[in-house]
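Asker: Sequence and predicted model, in that order:
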There are 2 protein chains.
Amino acid sequence: MPLKHGLLGLLKYKSETGYNLDKSFKYSLGFFWKAQTSQIYRELNKMEKDGWLDSEMIIQVGKPNKKQYAITDAGQEELNRWLHNHESMEWITLRSEFLMKLFLSGDKSLEENIEYLKQYRDTCKVLMKGMEQAGAIIEEQAVALNDKESAFYWELTADYGFDHYTMCLNWATKTIKKLEDKINEKNN
Amino acid sequence: MPLKHGLLGLLKYKSETGYNLDKSFKYSLGFFWKAQTSQIYRELNKMEKDGWLDSEMIIQVGKPNKKQYAITDAGQEELNRWLHNHESMEWITLRSEFLMKLFLSGDKSLEENIEYLKQYRDTCKVLMKGMEQAGAIIEEQAVALNDKESAFYWELTADYGFDHYTMCLNWATKTIKKLEDKINEKNN
DNA sequence: TGGGTCATGTAACCTGTTACATGATTAG
DNA sequence: CTAATCATGTAACAGGTTACATGACCCA
């Protein structure tokens, strides 16, 4: 259950409200694990019931009250257990509706498939550019939280993201060429 | 709901039983979408209720009876709708427990993280080798089903798989070097 | 006066995972 | 005799998605 452990990981740095956790999550772990706001609230609830978190109500004036979560000893233990024990399935990451559709696209026209791949390629380009800028954001955070050691690992994951989208872009480019060649063959 | 559409896609080639669909799925679409056997049976049930499939009981002697599914016109329509309409989220494929763990590994020793990355690297190597052989299997299937046009797209997805695992392998190799350099720096 | 931010969620539904159950046939 | 293959699932639970609800404050 990686979402829970991701939240534990964030709470280890600093106690936080669900609202803020949701935002931090989206700008950090969210790059390789998506979660809805409502799901985060639900998981926090469950984790408190299971004794991984404590919460404290903070009364505010002029603003809605907020509920701040802190990690407990049991939560720390659980986080460490997860960090140090690896299960066989966590490596396998390929899960793609895009590839599934392409696999089943033999009946579509070459032109339509080229269009599809071009959309994919453009999306990859945007995501790759985003990853290029991740380095600067990580630097900022490293200074703000004064944790250079962690930031080193954040950068490694950002590198992965960059390499990933670069690979996708290259694959898409060469694949589009293959389809275009097929059209040319037909016309000659 | 890509699993349903994947099953529709397989049933378009040939009517099949849940048992056989489960096996075909695991050797084709399963490379980029995992599904449990029990889930496949459940989805087939739902799809029949929704009118996307018809089923026929085939009585056998000496073997359990089997239930053969065939795609209906409504199912065909739904498959085409899915194939031709693209939604923004289907591109974003990155979802990785491995990266999440690495992101949160700042408190672990360099040695332990190197060990973790080496395990990852070795897994990637195995999966990459598997993708190299996919070409031959696809060729076989293309002949068996006499559908060269579809096989072309199957190969494109296998190429993606190969490129993906190659990229992961390269990233892991360079990342392990980075960590090893860090250890050497400390010792000097 | 309308939209954004702050801050919380609930309810319903869909999808994915795990564990279990049955029972015959066939190959080693 | 044992394990694999054939062939079907159910039940319970966990995790993910979508839609909806509330209400004040601040800025343009």
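Answerer: Here it is on my side, so go on.

Asker: So residue A:79 sits against residue A:8, correct?
Answerer: Yes: counting by C-beta atoms under 8 Å, residue A:79 touches residue A:8, with 4.3 Å between them. Every residue, glycine included, has its C-beta placed from N, CA and C.

Asker: shared neighbours, these two?
Answerer: Here residue A:79 and residue A:8 have residue A:71 as joint contacts, going by C-beta atoms under 8 Å, 6 or more residues apart in numbering or on different chains.

Asker: Could I get the phi/psi values of residue A:68?
Answerer: phi -100, psi 130 (degrees, to the nearest 10).

Asker: How about the one 5 residues further on?
Answerer: Torsion angles at residue A:73 (phi, psi; degrees, to the nearest 10) stand at phi -60, psi -40.

Asker: That one: neighbouring residues, count only.
Answerer: 9 (other C-beta atoms under 10 Å in any protein chain shown).

Asker: Next: residue A:162.
Answerer: 19.

Asker: burial of residue A:115, as a residue count?
Answerer: Residue A:115: 14 neighbours (other C-beta under 10 Å).

Asker: Which neighbouring elements make contact with the strand or helix carrying it?
Answerer: Assigned by DSSP states H and E, residue A:115 falls within helix A:110-145. Here helix A:110-145 touches helix A:97-103, helix A:148-187, going by 3 or more C-beta pairs under 8 Å, 6 or more residues apart in numbering or on different chains; DSSP states H and E.

Asker: I'd assumed residue A:76 was in contact with residue A:51.
Answerer: No: look at residue A:51 against residue A:76 with C-beta under 8 Å: they stay out of range, at 11.4 Å.

Asker: Could I get the contacting residues of residue A:113?
Answerer: A:102, A:105, A:179, B:153.

Asker: Going by distance to DNA strand D, which of the residues you listed wins?
Answerer: Using C-beta to the nearest atom of the strand, residue A:102 comes nearest to DNA strand D of these, at 20.2 Å.

Asker: and chain A, which of its residues are near DNA strand C?
Answerer: A:17-20, A:37-38, A:41-42, A:44-45, A:60, A:63-68 (C-beta under 7 Å from any atom of the strand).

Asker: out of those residues, which are inside strands?
Answerer: Judged by DSSP state E, the subset of those located in strands is A:17, A:66-68.

Asker: Just the buried residues from the residues you listed, in PyMOL please.
Answerer: Those of these that count as buried under 16 or more other C-beta atoms under 10 Å in any protein chain shown are selected in PyMOL with:
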select buried, chain A and resi 17+68
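
Asker: Between the ones in strands among the residues of chain A next to DNA strand C, which sits nearest DNA strand D?
Answerer: residue A:66 (10.5 Å).

Asker: Mind pulling the model confidence for that closest one?
Answerer: On pLDDT, residue A:66 comes in at 88.

Asker: if I pick it, what's in contact with it?
Answerer: A:17, A:19, A:57-58, A:60.

Asker: now the closest residue to DNA strand C within chain A, nearest residue through space, not along the chain?
Answerer: Residue nearest to DNA strand C within chain A: residue A:19 (2.7 Å; C-beta to the nearest atom of the strand). Leaving aside its chain neighbours, residue A:19 sits nearest to residue A:66 (6.9 Å; criterion: C-beta to C-beta, 6 or more residues apart in numbering or on different chains).

Asker: Ok, residue A:128 next?
Answerer: residue A:165 (3.7 Å).

Asker: and the one you found, what pLDDT?
Answerer: On the pLDDT scale, residue A:165 gets 96.

Asker: Please apply the same query to residue A:2.
Answerer: 92.

Asker: That one touches residue B:100, doesn't it?
Answerer: Yes: between residue A:2 and residue B:100 there is a contact under C-beta under 8 Å: 5.2 Å.

Asker: In terms of neighbours, single out the busier of the two.
Answerer: Neighbours around residue A:2 and residue B:100, counted as other C-beta under 10 Å, are more numerous at residue B:100. The numbers are 23 against 20.

Asker: wait, doesn't the more buried one sit right on residue A:5?
Answerer: Yes: if you go by C-beta under 8 Å, residue B:100 and residue A:5 touch, sitting 7.3 Å apart.

Asker: buried residues in stretch A:175-188?
Answerer: Here stretch A:175-188 shows A:175-176, A:179 as buried, counting by 16+ other C-beta under 10 Å.

Asker: ignore the last one, stretch A:135-153
Answerer: For stretch A:135-153, by 16+ other C-beta under 10 Å, it's A:138, A:141-142, A:150-153.

Asker: Which residues of chain A lie near DNA strand D?
Answerer: Residues of chain A lying close to DNA strand D (C-beta under 7 Å from any atom of the strand) are A:1-4, A:34-36, A:38-39, A:42, A:46, A:62-64.

Asker: would TSV of these with distance to residue B:86 be doable?
Answerer: Formatted as TSV, the residues of chain A next to DNA strand D follow (distance: C-beta to C-beta, whole Å):
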residue	distance to residue B:86
A:1	31
A:2	27
A:3	27
A:4	32
A:34	18
A:35	23
A:36	21
A:38	26
A:39	25
A:42	30
A:46	35
A:62	45
A:63	41
A:64	39
